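Asks: I would like to see how this sequence folds:
(chains A and B)
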Amino acid sequence: ADMRSRAEVDATLQTAKLNPAELLPAVQCISFGPQAGSGECCLLQLEPGLCADLEAGRSLVIRGEKDEHAVLCSKDKTYDMKIADTSNMLLFIPDCKTPEELNADPASCNIIHSQIAGFSKNYWELRRCRPKLKKLRKLLMEDPYEGPDSQKDQTSTFSKYTTEDLLSLIQASEEEILHQLQVIDACKIEGYWRILDFDYEMKLLNHVTQLIDSESWPLSKVPLSVCLEELGSLEPREMIEHILLSYGRKYVDDGEVFFDMHEDKICRAIAQMLLQNAVKFNLSEFEEVWQQSVPEGMTTRLDQLQGLALVDKSSRPETIFLLKVEDLPEDNQERFNSLFGIRQKWTEVDITPYIQDLCAEKQTVGALLTKYARSSMLNGVKVYNSRRPIS
Amino acid sequence: SAGTGALAQWVLVELQGEVEPRQSGDLAGRLLGDLHYTCEGVPVLIVGHHILYGKVVQLEKPFAVLVKQGGAPQPSPTEPHSHYTVTALIKTKLLFKTRPKPIITHVPKKV
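Replies: Predicted coordinates for the structure are as follows:
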């Protein structure tokens, strides 16, 4: 393509009746570059912080399998991607100069040839979203670790997942994934992330609580070294330390490592162990057995079971049953459908532990209820039910 | 992921409607038009027989320009395991929203 000359530009200005004296001396003749129409470039609108990430040399990754909507992940955040259509044409030009840039370079020649690298009528919009972490637990639950004596591991044909595997399969940022692994008490065994089989986990916990009892240690000061010494013949040292880390807070006192045990978490685990054996329990019977089952010095309370079990106050006698929030759907609408299928009317107190994790940044449980439920009064108490008929 | 070295800064030009070549054929190599700025910094774009007046806008939300690696016919960020390189950032756009002023090149003479 022949390039325009200054003379041609000036002729056009004259025809257009524009006064060159009112214009900056430099003109930019813009043409379509050779690859402009190829569609290989696309535009991604950046949320705050992402531009700085890119300029600092950090990566952004797009993740998603064929059956998943794509998400974009920075080091620590996850975003849904959506196409935004404009009715306008967006041209992207690498060497286009702004008036400031032209003024800053007075020696620049009065004709510049710029090429359009690409154009588009749409761009990708980002919206911060909750990381999609339910799949993480699902993958690790394919093959829970049952201990070194288990026959399963030797003959296991199930997939085991390294950090890299998880990064490529889970639609979340690296930090969000690593944080969730900590939350679910996963541990690395031979380079693979594993979740403990619940029975094995309870076996380990039981070793520790029995030792605490026989040694009469305060729950806030359980020494690591003695645990490893006394229990090392029963279980691998890494597993003993892992169970202490899962159910306690590690600290150092006078050069020695201790654990401040989480009473609530231990009581909760024991409740799960009791509740998983039947569809539901007589509440008062359960409360009695539960208190008797926990270590000496610990006090059970129903609020320890938020998101784990639900009390049915309408039945006579009152009952309690296992309902784990992590077993419920991840999608907002599906979660609410599932909850309203279990119980038609919920009080805010009862439903909150089962929807708390759905809250987006700065979103409240109240806002979720307004959006997905309908409220009414029942016996003087505000209750929530489904907006739609449940089949 | 970002390439090595500092990211290039490109500029976005936003025009109303479609851009079509006067003759048939694809756009590659074709001239779009002449871009001038007034002394006050107002962008003036002459496209074909039209004059467009615009303004320089600093984008509240900058854009990243993604280029797909490995030629596939219809690239889209929703394809699994696609690799995109951030080629450039766009923080500035020239927005041409005003109705184009036609350039009258041939005024019939009165007889």
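Asks: Residue A:141 is in contact with residue A:195, isn't it?
Replies: Yes - contact criterion Cβ atoms under 8 Å: residue A:141 and residue A:195 qualify, at 6.2 Å. No exception for glycine: its C-beta is placed from N, CA and C like everyone else's.
Asks: Looking at the two, which one has more neighbours?
Replies: residue A:195 (20 against 12; other Cβ atoms under 10 Å in any protein chain shown).
Asks: Pairing partners for the lowest-mean-pLDDT helix or strand in chain B, with directions?
Replies: Ranking every helix and strand in chain B by mean pLDDT, DSSP states H and E puts strand B:101-102 at the bottom, with a mean of 74. Applying DSSP bridges to the sheet, strand B:101-102 is found paired with strand B:50-53 (antiparallel).
Asks: Next SSE downstream of the partner strand?
Replies: Heading C-terminal from strand B:50-53, the first helix or strand you meet, by DSSP states H and E, is strand B:55-68.
Asks: Return that next one as PDB; C-alpha atoms alone will do.
Replies: The C-alpha trace of strand B:55-68 is given here as PDB (Å, rounded to 0.1, in the frame of the first residue of the first chain):
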ATOM      1  CA  LYS B  55     -11.900  13.700  22.800                       C
ATOM      2  CA  VAL B  56      -9.000  12.100  24.600                       C
ATOM      3  CA  VAL B  57     -10.200  10.000  27.500                       C
ATOM      4  CA  GLN B  58      -8.100   8.400  30.300                       C
ATOM      5  CA  LEU B  59      -9.700   5.100  30.900                       C
ATOM      6  CA  GLU B  60     -10.900   4.400  34.400                       C
ATOM      7  CA  LYS B  61     -10.500   0.700  33.700                       C
ATOM      8  CA  PRO B  62      -7.600   0.100  31.400                       C
ATOM      9  CA  PHE B  63      -7.600  -2.700  28.900                       C
ATOM     10  CA  ALA B  64      -5.100  -5.500  28.300                       C
ATOM     11  CA  VAL B  65      -4.600  -6.600  24.800                       C
ATOM     12  CA  LEU B  66      -4.500 -10.400  24.700                       C
ATOM     13  CA  VAL B  67      -3.000 -12.300  21.800                       C
ATOM     14  CA  LYS B  68      -3.700 -16.000  21.500                       C
END
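Asks: what about residue B:40, is that helix, strand or coil?
Replies: coil (DSSP: H, G, I helix; E, B strand; the rest coil).
Asks: Low-confidence regions, chain A specifically.
Replies: Within chain A, the stretches with pLDDT under 70 are A:1-2, A:108, A:152-156, A:390-391.
Asks: 80 instead, please
Replies: Across chain A, the ranges flagged by pLDDT under 80 are A:1-2, A:37-39, A:64-67, A:106-109, A:151-158, A:389-391.
Asks: how about the residues of the stretch 251-391 of chain A near chain B?
Replies: Nowhere does the stretch 251-391 of chain A come near chain B, counting by Cβ under 8 Å from any Cβ of the partner chain.
Asks: tell me which element the residue of the stretch 251-391 of chain A found nearest chain B falls in.
Replies: Closest contact between the stretch 251-391 of chain A and chain B, by Cβ to the nearest Cβ, is at residue A:361 (17.1 Å). For residue A:361, there is no host helix or strand (DSSP H and E).
Asks: In terms of helix, strand or coil, where does the nearest residue to residue A:175 once chain neighbours are set aside fall?
Replies: Distances taken as Cβ to Cβ, 6 or more residues apart in numbering or on different chains place residue A:76 nearest to residue A:175, at 3.9 Å, with adjacent residues excluded. Look at residue A:76: counting by three-state DSSP, its state is coil.
Asks: Identify the residues contacting residue A:76.
Replies: A:173-176 (Cβ atoms under 8 Å, 6 or more residues apart in numbering or on different chains).
Asks: Please tell me which one of those counts the most neighbours.
Replies: If you count neighbours using other Cβ under 10 Å, the busiest of those is residue A:173, which has 23 neighbours.
Asks: got a list of what that one touches?
Replies: A:73-78, A:131.
Asks: of these, buried ones?
Replies: Buried members of those, scored by 16 or more other Cβ atoms under 10 Å in any protein chain shown, are A:73-74, A:77-78, A:131.
Asks: among the residues you listed, which two are most distant?
Replies: Spatial extent of the buried ones among the contacts of residue A:173 (Cβ to Cβ) is set by the pair A:74 and A:131 at 11.3 Å.
Asks: near chain B, which residues of the stretch 51-200 of chain A show up?
Replies: Proximity of the stretch 51-200 of chain A to chain B, by Cβ under 8 Å from any Cβ, involves residues A:51, A:54-55, A:57-62, A:64-66, A:69-70, A:72, A:81, A:86-94, A:96-100, A:102, A:114, A:116-119, A:123-124, A:168.
Asks: Return the subset of those lying in strands.
Replies: When DSSP state E is applied, these are split such that A:61-62, A:72, A:81, A:86-93, A:114, A:116, A:118-119, A:123-124 fall in strands.
Asks: how near is the nearest residue to residue A:122 once chain neighbours are set aside to chain B?
Replies: Of all residues not flanking residue A:122 in the chain, residue A:85 sits nearest, at 4.7 Å (Cβ to Cβ, 6+ apart). Distance, residue A:85 to chain B, by Cβ to the nearest Cβ, to the nearest Å: 14 Å.
Asks: burial measure for residue A:85, as a count.
Replies: Using other Cβ under 10 Å, the number of residues around residue A:85 comes to 9.
Asks: wait, it sits on residue A:120?
Replies: No - counting by Cβ under 8 Å, residue A:85 stays clear of residue A:120, with 9.9 Å between them.
Asks: Give me the distance between stretch A:240-258 and the centre of its chain.
Replies: 27 Å (Cα atoms, centre = their mean, to the nearest Å).
Asks: Same check on stretch A:254-262?
Replies: Using Cα atoms, centre = their mean, the offset of stretch A:254-262 from its chain centre is 30 Å.
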